[in-house]
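**Q** model the following, please.
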Amino acid sequence: MDTTKIETKTSNLLRDNNCISLPIDVLDLAIKLGVRVEAESFEDDISGLFVIKNKRPYICYNKNQGKSRVRFTIAHELGHYILHSKTKPLFIDRNKKVLYRDFNSSTGELKLEREANTFAASLLMPKFLIEAELENKNEEIDIVKSLSEKFNVSSQAMSFRLANLDYDFGMF
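**A** Next up is the predicted model:
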């Protein structure tokens, strides 16, 4: 699925479920979508998982990780639920970067993870809400820091999101 379709899907999902106040409450959205969310003690390399069990969707996240990481994990797993659950009932997301092609990338697994990451970024930092915030920006402030605080995400996540939306960092 391309980025534009994911952007549209997340915007509609947020509006349809009246989840457009900042920061986005991903736990509330999951509950509205009928997804059960639970905290678990996983090994450090596991951020979370999504599973369909007895025809019910579940998200488990690693309760030992920081709040912004947990928010991203829940949003990422919601991405698997919305985008991929009809074709695959289980996703386990580990905290490692894929810097090379491997067996998983050749099976399409990497594509699904990228789509879930795009979904999570779009859900937590919706384009339409970023645009509204940028219209009211003050030239004196650090816009990345200000937006990351308002959206309750890391500065790094906001920087990536703004770059992916083709905002020119020279203007900040």
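**Q** use CA for all of it now, contacts and neighbours both
**A** Fine.
**Q** please pull out the lowest mean pLDDT helix or strand from this structure.
**A** Every helix and strand in the chain was compared by mean pLDDT, DSSP states H and E; the lowest is helix 103-106, with a mean of 40.
**Q** where do the helices sit along this protein?
**A** Secondary structure of the chain (DSSP state H): helices located at 3-16, 26-32, 67-84, 103-106, 109-124, 127-135, 143-151, 155-164.
**Q** so which residue is dead centre in the protein?
**A** residue 120 (1.4 Å; Cα atoms, centre = their mean).
**Q** would you mind measuring from it to residue 88?
**A** Going from residue 120 to residue 88 by Cα to Cα, to the nearest Å gives 18 Å.
**Q** likewise for residue 134?
**A** Separation of residue 134 from residue 88 (Cα to Cα): 38 Å.
**Q** do residue 23 as well
**A** Here the criterion is Cα to Cα. By it, residue 23 lies 30 Å from residue 88.
**Q** okay, now residue 49: neighbour count?
**A** Using other Cα atoms under 10 Å, the number of residues around residue 49 comes to 21.
**Q** quick check: phi and psi at the closest residue to residue 56 other than its chain neighbours.
**A** Of all residues not flanking residue 56 in the chain, residue 35 sits nearest, at 7.3 Å (Cα to Cα, 6 or more residues apart in numbering). Phi and psi for residue 35, reported as degrees, to the nearest 10, are phi -100, psi 130.
**Q** what's the burial count for residue 35?
**A** 19.
**Q** that one contacts residue 57, correct?
**A** Yes - judged on Cα atoms under 8 Å, residue 35 makes contact with residue 57 at a distance of 5.1 Å.
**Q** okay, and the common contacts of the two?
**A** Taking Cα atoms under 8 Å, 6 or more residues apart in numbering as the contact rule, residue 35 and residue 57 have no neighbour in common.
**Q** residue contacts, the residue nearest to residue 56?
**A** Residue 35 makes contact with 56, 57, 58, 59, according to Cα under 8 Å, 6+ apart.
**Q** look up the closest residue to the third one, ignoring the ones flanking it.
**A** Looking back up the chat, that one is residue 58. In space, and not counting its chain neighbours, residue 58 is closest to residue 36: 4.8 Å by Cα to Cα, 6+ apart.
**Q** quickly note the distance from that neighbour to residue 123.
**A** Taking Cα to Cα, one finds residue 36 at 18 Å from residue 123.
**Q** those two: who's more crowded?
**A** Neighbours per residue (other Cα under 10 Å) separate residue 36 from residue 123, with residue 123 holding more: 27 against 15.
**Q** no further queries at this time; thank you.
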